[in-house]
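Undergrad: dropping a prediction and its sequence here:
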Amino acid sequence: MSMHGYSLLAAPSSRRFRPRRGLSFVEAMISLSISAMLLSAIAAAFTASAQAVDSNDQFYRCTQAGRVSLNQLLREVRLCQTIQVASDHMDLYTATGSSRTYRFSSDQKQILMVLNDVTNTPSYPLASNVTSCTFQADMAPDPTTHVSRVVRVSCTMTINVGKNTQTVTGSAAPRQALVY
């Protein structure tokens, strides 16, 4: 049991285990690389989300401007005294006697309102990012004079922002063309 007076079981250990006080260099580097990858993924997700919000906001604003422009245009048609319609523009005299032209500018991708009564004929953009716009008039003979006149005006515009496309359509009948 003992050799030279030493007990084999009770021999003092030359190696004592000491508790560690922190991370080793390798552990610290692994945890830093994992943290960096997670932060990079979070930054990429945030950037993609912000870009999607901006794209949706721009599309919503352009679509809303197209709808508002279409409503204004159709209101003017309902109240006009006279109207002439071509495929890319329409000329009308409003209820107050002002002369206006609504036209589609394909090179600027805008719907423009031109005030013809003013000396420098200013044009005001009503909607942007409009890739196509058509005006169409339905004609019918006047029951009293038998001369053709506009009885309904239709407008169709297509708004395109990025990959999103929206088509808005409306029609109106000039009040002077209504027969009761």
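TA: Thanks, I have it.
Undergrad: contact partners for the residue positioned nearest the centre of the chain?
TA: Nearest to the mean C-alpha position of the chain, by C-alpha atoms, centre = their mean, lies residue 59 at 0.3 Å. Listed by C-beta atoms under 8 Å, 6 or more residues apart in numbering, the contact partners of residue 59 are 161-162, 164, 166. Where you see a C-beta, it was placed from the backbone N, CA and C, and this is true even at glycine.
Undergrad: of those residues, which is the nearest to residue 73?
TA: Using C-beta to C-beta, residue 166 comes nearest to residue 73 of those, at 16.6 Å.
Undergrad: could you identify the most distant pair in the contacts of residue 59?
TA: Taking C-beta to C-beta, the two most distant members of these are 162 and 166; they sit 11.6 Å apart.
Undergrad: by neighbours, which of the contacts of residue 59 wins?
TA: residue 161 (19 neighbours; other C-beta atoms under 10 Å).
Undergrad: can I assume that one is in contact with residue 127?
TA: No: using C-beta atoms under 8 Å as the test, residue 161 is too far from residue 127 to be in contact (11.5 Å).
Undergrad: anything in contact with each of these two?
TA: Applying C-beta under 8 Å, 6+ apart, one finds that residue 161 and residue 127 are jointly contacted by residue 62.
Undergrad: outside of stretch 143-158, which residues touch it?
TA: 66, 69-70, 73-74, 77, 83-85, 90, 104, 111, 127, 130-142, 165-174, 177, 179.
Undergrad: now do the helices in the chain.
TA: According to DSSP state H, the chain carries its helices in the segments 25-79.
Undergrad: what strands line up against the biggest strand by length in it, and which way round?
TA: Longest among the strand segments of the chain by residue count, using DSSP state E, is strand 148-161. With DSSP bridges as the test, strand 148-161 is paired with strand 130-141 (antiparallel), strand 164-172 (antiparallel).
Undergrad: which parts of the shortest one are buried?
TA: Translated: strand 164-172. In terms of neighbour count (16 or more other C-beta atoms under 10 Å), strand 164-172 has its buried residues at 166, 168, 172.
Undergrad: any chance of TSV for the residues you listed, columns pLDDT and distance to residue 98?
TA: Shown next, in TSV, are the buried residues of strand 164-172 (pLDDT from 0 to 100; distance: C-beta to C-beta, whole Å):
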residue	pLDDT	distance to residue 98
166	93	30
168	94	25
172	93	18
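Undergrad: using JSON lines, lay out these together with distance to residue 25.
TA: Formatted as JSON lines, the buried residues of strand 164-172 follow (distance: C-beta to C-beta, whole Å):
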{"residue": "166", "distance to residue 25": "58"}
{"residue": "168", "distance to residue 25": "64"}
{"residue": "172", "distance to residue 25": "77"}
